[in-house]
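Enquirer: Quick one: sequence plus predicted model below, questions after.
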Amino acid sequence: MPVHHRPARSLRVLLDPPDPALALRLGLQPDIEVVSSAMARPAVALVEDAGSVPALLAEDPECRVLVLTGSAHPGLSAAVLAAGAAGLVLRDGPIEELADAIRRASMGETVVDPALDTP
């Protein structure tokens, strides 16, 4: 019989679009479970397109959405937050920092990576 090592209250995270490599890295975190559908009611969704934030929030207003980006652009963090996202994080940063951002967002915090917080 398989042994499950996840706590009963693990954080469900949706990746949109799916990213198998990131899913594997996040799945190694003891309290994070990557799910494949919004039907699984994720606590946090990680998206690459800020335009998808309103649709995700319309489907599940309790889901916290973090936008992943590779670099800072003037006004990006303000636009992402105005769209209703819970924050903006680096796509290729250390997995521990991304996991921490997911945890903080799930608790209601607004999370913007300091490297991306440009006017």
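Expert: Cool, got the structure.
Enquirer: Provide the secondary structure category for the residue sitting nearest the centre point of the chain.
Expert: Closest residue to the average C-alpha location of the chain: L46 at 3.2 Å, with CA atoms, centre = their mean. Under the three-state scheme (DSSP: H, G, I helix; E, B strand; the rest coil), the conformation of L46 reads as strand.
Enquirer: Am I right that it is in contact with V13?
Expert: Yes - taking CB atoms under 8 Å as the definition, L46 is a contact partner of V13 at 6.4 Å. Backbone N, C-alpha and C define where each C-beta goes, glycine included.
Enquirer: Find the residues that touch each one of those two.
Expert: With contacts defined as CB atoms under 8 Å, 6 or more residues apart in numbering, the residues shared by L46 and V13 are I102.
Enquirer: Packing partners of the helix ranked longest in the chain?
Expert: Ordering each helix of the chain by length in residues (DSSP state H) puts helix 95-106 first. Packed against helix 95-106 by the contact rule (3 or more CB pairs under 8 Å, 6 or more residues apart in numbering; DSSP states H and E) you find strand 11-16, helix 20-27, strand 44-47, strand 64-69, strand 87-90, strand 111-112.
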